[in-house]
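Novice: Let's see this in three dimensions:
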Amino acid sequence: LPELMGIADKYAEGEEKRKQETEKYILHISEVLEELKQAQEEYFDDYAAELKLLSLEIAEKVIAQKLSEEPSSLFPLIRSAVKSIREVNWIKVEISDKFKEVAADFEKSLSELKPEQSVEVELRRDANPGTCVVHTSEGVTIATVKTQLENIREYFMRYKDSEDDEAEARSDETAKKSEA
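Specialist: This next block holds a predicted model:
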């Protein structure tokens, strides 16, 4: 019987030692998984920001192609810019001279949209195809395709900076948890 007790004690010691080692490995695996999760979040944050900027570059090229194939595709942009204008005596819209063939249609349609105002479409020789500059008695609105894409790009960059701050805060939080 004492021999069995000795064996039982050694068995219990071995069992306890194995339990402690298992807990140590589980803790280590949990820490590694947390590090991987953090690395994955950082990767996705970086990738998402790059993807947004890439999508803007692609959109710019697609829009330029569309404008060269179909000049009337600029009309919704012009219409939107003019539609928002209120209580002015006159409106002059500058577009690229590459749109000579649709300028008269633009002017007619804008005059119908704003019958109470004098509306004129003027062609500019030096303007890019996506140009849309709206002059009124109150001021100037630059609504070119390029300007609007730059505004979106600027928004993305500002948004990216705030996301970077959040990601950094998450990283700090994770580091504090790991230290604890």
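
Novice: And the strand or helix carrying Tyr43, what does it pack against?
Specialist: Using DSSP states H and E, the element containing Tyr43 is helix 2-69. With contacts taken as 3 or more CB pairs under 8 Å, 6 or more residues apart in numbering; DSSP states H and E, helix 2-69 sits against helix 145-179. C-beta: built from backbone N, CA, C; applies to glycine.

Novice: Please report how far Val140 lies from Leu110.
Specialist: Distance, Val140 to Leu110, by CB to CB, to the nearest Å: 16 Å.

Novice: Sketch out the low-pLDDT regions of the protein for me.
Specialist: 1, 160-180 (pLDDT under 70).

Novice: The same query, at a cut-off of 90, please.
Specialist: 1-11, 44-57, 59-61, 63-89, 96-119, 126-132, 137-139, 141-180 (pLDDT under 90).

Novice: now the end-to-end length of stretch 71-90.
Specialist: End-to-end distance for stretch 71-90, by CA to CA, to the nearest Å: 24 Å.

Novice: Go through that stretch and flag the buried ones.
Specialist: 71, 74-75, 77-79, 81-82, 85, 88 (16 or more other CB atoms under 10 Å).

Novice: cool, stretch 140-157 as well?
Specialist: Buried residues in stretch 140-157 (16+ other CB under 10 Å): 141, 143-146, 148-149, 152, 156.

Novice: Pull the distance from that stretch to the chain's centre.
Specialist: 13 Å (CA atoms, centre = their mean, to the nearest Å).

Novice: List the contacts of it.
Specialist: By CB atoms under 8 Å, 6 or more residues apart in numbering, the list of residues contacting stretch 140-157 from outside reads 49, 52-53, 56, 59-60, 63-64, 67, 74, 77-78, 80-81, 85, 128, 130-134.

Novice: Glu16: which of the buried residues of stretch 71-90 is nearest?
Specialist: Leu77 (74.7 Å; CB to CB).
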